[in-house]
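>>> The following comprises the amino acid sequence and a computationally predicted model.
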Amino acid sequence: MISEYGHFALALALACAVLQAIVPLTGVALARGSWMDFGNHAARWQFFLLGFAFLGLAQAFLAHDYGLVYVAQNSNSALPWYYRLSAVWGAHEGSLLLWVLVLAGWAAAVSLRSRSLPRDIAAVVMGVMGLVSTAFLLFLIITSNPFLRRWPAAQDGADLNPLLQDVGLIVHPPLLYMGYVGFSVPFAFAIAALVRGRMTPAWARWARPWTLAAWVFLTLGIALGSFWAYYELGWGGWWFWDPVENASFMPWLLGTALIHSLVVSEKRGSFKNWTVLLAIGTFALSLLGTFLVRSGVLTSVHAFATDPARGIFILAILGSLVGGALLLYAWRGPSALAGSSYGLVSRESFLLANSLLLTVATLTVLIGTLYPLVLDALSLGKISVGPPYFNLAFGLVMVPLVVVMGLGQFARWKEDSLGRLAQALSRFALAAGLLGGLAIAVLSPNEWGTTLGGVLLALWLVASTAAGVWARIRERQHRWRALFTLPRAFVGQCLAHLGFTVTLAGVVLTSSQSADLHTRLAPGDSVELGQYTVQFESLRDYQGPNYRATRGTFHITTTGGERHTLMPEKRFYQVRNMAMTEAGIEPGFTRDLYISLGEPLGDDGAWSVRLHIKAFVRWLWLGALMMACGGVLAMSALTVRKRREAPQAALASTLP
Amino acid sequence: MAEMLRALCLVVVLGLTVSPTFAADTPLGFEDPAQQALFESLLEELRCLVCQNQSLADSHADLAQDLRDEVHRMVAAGENREAILGFMVERYGDFVLYRPPVKSTTWMLWLAPLMLLFGTGIAWWLTQRRAAVTHSVPLSEEEKARLARLTIEPQDDSRQH
């Protein structure tokens, strides 16, 4: 019953979205203040209504309402309550509902902070977000309504995909959506600036905290997805360059370029056109990601061609929003390269190079992802573009990127000299080089070139960060005290860059230093891998809430006296007829021990077993966590400053 | 040959419909480290044809096991990398390779990153030159007066709610 109210709330939310799109924009055109402010109210109402609809659907899941098609397809009476709750966003319809809810949430959040914005800018921002919301609500209601009923109601549900029955999957999609839907805010700000012809540094200042917030969420979402793949898929991998992964990675890459370009636009007034283009591009990639994941085009181009309703709809949204934005940009975009001038060797120049390189990296991933689809659609043959291609092409772009990144975070604004940079950085770079050599000597390099290159690049970033900190405290009287009172924004920047370094080092080291063994083991057997002795002790069956499972007990010992017990599982989910692997993992700072059960082999209780020593694999996610923390620090520094400088900001906005 | 193809089709169809339930995962390996390395790298580069997007190394599908056996046999027979990949392509087409071959339909894919890097370098250089030419212009008298006016009487249009 509550789900019927939910359905009704969904329809009302659409009405709100339409009003949110039309009224404030008309208000701007007619210069009517109260119409301009209307968007703020509509956005909050829309968020409230969608929240209600969402709760209605959640309630249907919790109460086993198998009269709803969507619930019947994705739940089951044996499913524990927390997975029934996460099943709300476990498939297409519900995840789209989450998408529009998150969008409305961002719009409502902007509306609450709109007092610090000029009225007309806030109105256009609300109007644009209302347009996006209208499009997606129409899409949701017409092609993917989660509230559709079936008659008679199903006896029981078809169960949630076992892959999604995991704690990581409860949090991963909301974080990811908070991220890539969040990029609609800088997009809306970019449109507002274009429409109102206010390409001012103040514009960049308004858009920055929102962009950072979205970026932080996306960083966490991607990291969590990779972590989930690592422990849930059972092959010890953490990134496969799968189109679905790329769909979230592309907005992240371009979003990273955007947050850096925004800094230059705010502080120096430069690159405004480029920043606006990046804001449009980042959200365009979010929409493209939604298209790739939600249209079914990835499973097969031909499946898409036979049932194209959903895909065509998203493609139309993508085309009209992005096409419209680009036309507007061509028409109203800032023509002159205004802003302060800067030298060839300056922070501006390096930041520009870096955002261009990030764009190249994004385009590389984009081409690799779309190429096989396009080729297939044109009947030019079926090819696969996988890790060998991406590792090579992406790695090629990463090398100059990291080199310039080290220079950019240290160089001075406006004008610097290679001489000063060389002098200030050489000591640190030398130390890094020595450390790198030492590290390589200690590690066992089985891929010499890439390991050495990667470690040196990572240490180069550490060196330039350290040099930056040193430059800030060396002249102070109390250096230690100065170290702890560094400006928050600077600490955030350093933390995020070090986080990137840690992830980079993790990628290189885990790829080159890991060891694995795929072997046959029966209870009682033992096997050696590196310095570890793995003993398969026993095997035991048990019954879970909605699956049967076999759990192995493995003891891992070293000559040094370490001793660990791991319990990998193989689960069989009856309703969906699917088997799942739960790896046994002993986490560590420098290595994970990872065991997953393959398949039973014969009658003596022997199984195929995969043993992995994953060197430094935690660093991947530790680095991502540091990047996110850095983003949060930078964001908080911005909001604090905003509160202090609110009058000045408003003043700046009145300048042309 | 036709017999084999038919059997294969059956595997493909079965693999698609009942995939992970009757999975196969027989460990294969070599004593010789060079052969082992070749074997492992080949499994990483070949695609399991019936899976969503998995390499032979990661897949538990029946077909993947068959192909692993095939690769194992060929490596054991002393065949080199090119011969084994060539055999797989002849049987299954380019789709089986995760590293697409360079040919008339794919050279754009391979050249794109290089061309983009090159284009970016040029774009960066041109922007630098323009930025260096644009000198900052000091404020005119009129602008100075306006700035002074604004600083004294802030026209604070954000407070009009």
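Thanks, I have it.
>>> Dihedrals phi and psi, A:Q531?
Main-chain dihedrals, A:Q531, degrees, to the nearest 10: phi -90, psi 0.
>>> what's the pLDDT at the residue nearest to it when sequence neighbours are not counted?
Leaving aside its sequence neighbours, A:Q531 sits nearest to A:T558 (CB to CB, 6 or more residues apart in numbering or on different chains; 5.3 Å). C-beta here means a position set from N, CA and C on the backbone, and glycine is covered the same way. Predicted confidence (pLDDT) for A:T558: 89.
>>> A:T558 - how many residues pack around it?
12 (other CB atoms under 10 Å in any protein chain shown).
>>> tell me the contacts of it?
A:531-533 (CB atoms under 8 Å, 6 or more residues apart in numbering or on different chains).
>>> Let me have the residues you listed in CSV, extended by pLDDT and neighbour count.
Shown next, in CSV, are those (pLDDT from 0 to 100; neighbours: other CB atoms under 10 Å in any protein chain shown):
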residue, pLDDT, neighbour count
A:Q531, 88, 12
A:Y532, 92, 18
A:T533, 93, 14
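>>> Distance to A:L19 for those - can I get that in a markdown table?
Below are these laid out as a markdown table (distance: CB to CB, whole Å):
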| residue | distance to A:L19 |
| --- | --- |
| A:Q531 | 67 |
| A:Y532 | 64 |
| A:T533 | 69 |
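>>> and the residue nearest to A:Q531, bridged to which residues?
Beta bridges link A:T558 to A:Y532, judged by DSSP bridges.
>>> do you know how far it is from A:I613?
11 Å (CB to CB, to the nearest Å).
>>> Same check on B:P33?
B:P33 is 17 Å from A:I613, by CB to CB.
>>> A:H7 now?
52 Å.
>>> Over to A:N391?
Taking CB to CB, one finds A:N391 at 21 Å from A:I613.
>>> With neighbour numbers in mind, choose between the two.
Taking other CB under 10 Å, A:N391 and A:I613 do not tie; A:I613 has more neighbours (21 against 16).
>>> Could I get the contacting residues of the residue nearest to the more buried one when sequence neighbours are not counted?
Distances taken as CB to CB, 6+ apart put A:A515 closest to A:I613, at 4.7 Å, once the chain neighbours are dropped. Contacts for A:A515 (CB under 8 Å, 6+ apart) come out as A:529-530, A:612-613.
>>> Between all of these, which two are at the greatest distance?
A:G530 and A:H612 (10.5 Å; CB to CB).
>>> Not counting its neighbours along the chain, what's nearest the residue in chain A that chain B sits nearest to?
Per CB to the nearest CB, A:G386 is where chain A lies closest to chain B, at 2.9 Å. Leaving out its chain neighbours, the residue that sits closest to A:G386 by CB to CB, 6+ apart is B:Y98, at 2.9 Å.
>>> number of nearby residues for that neighbour?
Look at B:Y98: counted by other CB under 10 Å, it has 22 neighbours.
>>> With A:A309 instead?
11.
>>> show me what contacts the residue nearest to it when sequence neighbours are not counted?
Closest residue in space to A:A309, ignoring its immediate chain neighbours: A:T143 at 5.4 Å, by CB to CB, 6+ apart. Residues in contact with A:T143 (CB under 8 Å, 6+ apart) are A:309-310, A:313.
>>> what does B:W125 give?
Contacts of B:W125 (CB under 8 Å, 6+ apart): none.
>>> Torsion angles phi and psi at it?
Backbone torsions of B:W125, given as degrees, to the nearest 10, read phi -60, psi -40.
>>> Roughly how far does the closest residue to chain A within chain B sit from B:D58?
Nearest residue of chain B to chain A, counting by CB to the nearest CB: B:Y98, 2.9 Å away. The gap separating B:Y98 from B:D58 is 11 Å, by CB to CB.
>>> Also A:W331?
From A:W331 to B:D58 the distance is 49 Å (CB to CB).
>>> Please identify which of the two sits among more neighbours.
Of the pair A:W331 and B:D58, B:D58 is the one with more neighbours under other CB under 10 Å, namely 19 against 8.
>>> May I have the predicted confidence score for the more buried one?
pLDDT, B:D58: 84.
>>> That one touches A:W235, doesn't it?
Yes - taking CB atoms under 8 Å as the definition, B:D58 is a contact partner of A:W235 at 4.2 Å.
>>> Which residues are in contact with the residue positioned nearest the centre of chain A?
A centroid search over chain A (CA atoms, centre = their mean) returns A:L218, at 2.9 Å, as the residue closest to the centre. For A:L218, the contacting residues are A:175-176, A:178-180, A:182-183, A:248, A:251-252, A:255, by CB under 8 Å, 6+ apart.
>>> how about a cut-off of 6 Å?
If a contact means CB atoms under 6 Å, 6 or more residues apart in numbering or on different chains, then A:L218 has A:179-180, A:252 as its contacts.
>>> Kindly report the same for B:F39.
B:F39 touches B:V75, counting by CB under 6 Å, 6+ apart.
>>> Please, which helix or strand holds it?
B:F39 is part of helix B:33-45 when elements are defined by DSSP states H and E.
>>> Give me the neighbour count for the residue of chain A closest to chain B.
24.
>>> A:R481 too?
Other residues close to A:R481 by other CB under 10 Å number 10.
>>> The helix or strand encompassing it: how far from the chain's middle?
Using DSSP H and E, A:R481 sits in helix A:479-484. Relative to its chain's centre, helix A:479-484 lies at 34 Å (CA atoms, centre = their mean, to the nearest Å).
>>> which secondary structure elements does that helix contact?
helix A:448-473 (3 or more CB pairs under 6 Å, 6 or more residues apart in numbering or on different chains; DSSP states H and E).
>>> What parts of chain A come near chain B?
With CB under 6 Å from any CB of the partner chain as the criterion, chain A meets chain B at residues A:118, A:235, A:242, A:337, A:340-342, A:344, A:353, A:356, A:360, A:363-364, A:367, A:371, A:380, A:382-386, A:388-389, A:393, A:396, A:518-520, A:577-579, A:598-599, A:608, A:650-651, A:654.
>>> ok, back up a step: show me the contacts of A:A515 that map onto strands.
In this view, those that belong to strands under DSSP state E are A:529, A:612-613.
>>> Check pLDDT for those and point me to the minimum.
Within the ones in strands among the contacts of A:A515, pLDDT is lowest for A:L529, at 90.
>>> That residue and A:V609 touch, don't they?
No - counting by CB atoms under 6 Å, A:L529 stays clear of A:V609, with 10.8 Å between them.
>>> These two - which one has more neighbours?
Set side by side, A:L529 and A:V609 show more neighbours around A:V609, with 26 against 16, by other CB under 10 Å.
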